[in-house]
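Asker: I would like to see how this sequence folds:
(2 chains)
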Amino acid sequence: MKKMRQLLFILAMGLMSLGMNAQTALTGAGSTFVYPMMSKWAAQYHQLHPDIQINYQSIGSGGGIRQVSAGTVDFGATDGPMTDEQIAGSTVGKIMHIPLVMGADVPAYNIPGVSQELQFTPDVLAGIFLGKIANWNDPAIAKANPGANLPNQSIIVIHRSDGSGTTYIWTDYLTKVSKEWESAAGRGTSVKWPTGLGAKGNEGVAGMIRQMAGSIGYVELIYAQQNKIPYGRVKNSAGNFVAASVESVTAAAASAKIPADYRYSITNTAGKDAYPISGTTWALVPEHARDAAKGKIVVDFLQWVITDGQGMAPDLHYSKLPSDLVPRLQASLKTVK
Amino acid sequence: MAAHVEPLTSAPGRPKRGKRPVPARGFVQRLRLGDEAAHLITLIFAFMIILITVLLVFELWRNSELPRHKFGWSFLWGTNWDPVAGDFAALPFIYGTVVTSILALLLSVPVGLGAAIFLSEMAPRKISNFLTFLIELLAAVPSVIYGLLAIFVLVPILRTTQPVFARFFGWIPIFSGPFYGVSYFSASVVLAIMIVPFIVSVSREVLLAVPNQQREAMLALGATKWDCTWRAVVPYAKRGIIGSVFLALARALGETMAVTMVIGNVATISKSLFAPGYTIAAVIANEFTEATDNLYVQALIELALVLFIVTMIINALARLLIVTTTTKDVAQ
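Answerer: Numbering: from 1, shown residues only, chains lettered A, B, ... in the order given. All right, here's what the predicted structure looks like:
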């Protein structure tokens, strides 16, 4: 009887492991910005292909770049494209960038007595974040906002204390529109801020803006909308004050010149409806995957994401890729082995 | 006539006392009995702890090569932290760590020691046990919760009370300057709240362990209850109390999440306690995941090494303090 039970147990284990083998698990890691979208895609894809499980860890864009270069994950995700040195330092060969979705950074503020939408020019934003414009009733801000009742309140700047793709998009924009910013701080996921307090995560910045009167900070569009924090319009390079929205971000990408390796920036692009502080999240795929079978599944997943997956983006307040970019991406994905 | 009686030199039934020595237990016999095995196993465990510490320092040293070669000693006194330009220095973080920890101690030691004295000497035993149980629960609360409490409760309170304080004392340099709610002071208050339970529970145990003879002797000399407590019991327990203070300090030095939420995360050195600042643990927690290039990551690892050394130095000073004060004051 005991031997019979042991035999049955071993048989059951064997059958279970057979069942488990039918499941393939893909691992991805990287940007926190794209995490809500990636979770939804992974869940949907699993429903379409029940034997494929995609596991995405939002450890930050820097972590995503490191792990995909070291070969510990099957694909990465990042809000800032890899630099040439980072690509050279990869141990898994050449890594391809595939844009997934787009988003926007908005200047959110908390000014007592002002509930309307303010308008910001590039010079005003650079001046505020450099510490040059220190009070809300500064003439430069008043000039861009005729009729607004700006109080005599000092400006408290809030920025990110942790490294982040959101910071990358914001500093990329400021570097393009202000030479002074370029020499003072430059662009990066973490920079030396000339002024201001640091808070952790988009949530931290949003929380601090809500608490401090007279503060201004940058957050992803979704956070400002969900937390109902007033945010301003920004003047784009065509001279129009544009508010961030799913459509204005797509317009920004439509007018950008996108190179063959897909490492591009869509801040301050031309286009009359373009929102100037927009950014993209890329997937990082090794061109020659270590595990050929898994590599093929990654490619299939990404092909699905850039075509059928795009439809889910607007519900989560992300912007779809421009439609003329998709065929190029499909062709590039076909070259990945 | 006395009969010859054999002097009773050994218990009846035992062999006659002779010159044969009792053989000491041999190694193998000790091993079998468990003594030697216990000795060996506990020796290995103790050695492992030392080994882990040495390996930790070795790894920190090895993985901070790039900034050590690039900056050398100037890493310790430079003030510029610029990831984009690749320029790193530790002084603002060392300053923030030391300032918040010391201020936290100044705030928590009187409160903690006072509570411990009350719970051990003055409170009825039932109340003492119940309150101690509650205080020890506080020690188990995760630090993130303290951080959230600080942001949503403490910072607004400080923002309303600080202007009143600044009106009277704002001329003093350490209380000067604008106040945003997040500052060295806010971080120190949060740290003080977190470390008080450690001081209270350990000090109370130590005070309870003071032998009653000390109290009786003091009372017999005509001292009041408070005199007895302050002049006989507390000095006797000084070593343990100082030990508890340094245990609390160790927690304060390494505390990350609660501090980063309320310190403002600005890498500067300010003389005012109401200015925002940064600590080593906070900057590592904030920037480690996104630090992409090697110099940046290794600079953060070098900061960890600096924190380790600062902790060692403070512990060494603690030992020195115990040695010099205990031998003088307490009549042992």
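
Asker: For chain B, which residue gets nearest to chain A?
Answerer: Residue of chain B nearest chain A, by C-beta to the nearest C-beta: B:E290 (2.4 Å). (Each C-beta comes from the backbone N, C-alpha and C, glycine too.)

Asker: Look at that residue and tell me its secondary structure.
Answerer: State at B:E290, reduced to three classes by DSSP: H, G, I helix; E, B strand; the rest coil: coil.

Asker: Quick check: chain neighbours aside, which residue is closest to it?
Answerer: Nearest in space to B:E290, with sequence neighbours left out and distances taken as C-beta to C-beta, 6 or more residues apart in numbering or on different chains, is A:G163 at 2.4 Å.

Asker: Roughly how far does that neighbour sit from A:S61?
Answerer: Per C-beta to C-beta, to the nearest Å, A:G163 is found 8 Å from A:S61.

Asker: Mind listing the shared neighbours of those two?
Answerer: Residues touching both A:G163 and A:S61 (C-beta atoms under 8 Å, 6 or more residues apart in numbering or on different chains): A:T189, B:E290.

Asker: So for these two, which sits in the more crowded spot?
Answerer: More neighbours surround A:S61 than the other of A:G163 and A:S61, with 34 against 26 (other C-beta atoms under 10 Å in any protein chain shown).

Asker: The closest residue to that one other than its chain neighbours: how many residues sit nearby?
Answerer: Leaving aside its sequence neighbours, A:S61 sits nearest to A:T78 (C-beta to C-beta, 6+ apart; 3.9 Å). Counted by other C-beta under 10 Å, the residues lying close to A:T78 total 29.

Asker: next one: A:A140
Answerer: A:A140 has 15 nearby residues by other C-beta under 10 Å.

Asker: Correct me if wrong: it contacts A:D123.
Answerer: Yes. With contact taken as C-beta atoms under 8 Å, A:A140 and A:D123 are classed as touching, separated by 6.7 Å.

Asker: hmm, back to that, in a strand, the residue nearest to B:E290, correct?
Answerer: No. A:G163: not assigned to a strand; according to three-state DSSP it is coil.

Asker: Would you map the helices across the stretch 151-300 of chain A?
Answerer: A:165-177, A:179-184, A:201-211, A:221-226, A:246-254, A:292-307 (DSSP state H, counting those that start in this stretch).

Asker: which residues touch the first one?
Answerer: Put plainly, it is helix A:165-177. Contacts to helix A:165-177, defined as C-beta under 8 Å, 6+ apart, come from residues A:31-33, A:61, A:78-80, A:104-105, A:122-123, A:125-126, A:129, A:159-160, A:181-182, A:185-191, A:202, A:218-220, A:265, A:267-268, A:276-279, A:281.

Asker: 6 Å - rerun?
Answerer: A:31, A:33, A:61, A:79-80, A:105, A:122, A:126, A:160, A:181-182, A:187, A:189, A:191, A:218, A:220, A:265, A:267-268, A:277, A:279 (C-beta atoms under 6 Å, 6 or more residues apart in numbering or on different chains).

Asker: Run through the residues that contact A:H288.
Answerer: A:H288 neighbours (C-beta under 6 Å, 6+ apart): A:G93, A:K337.
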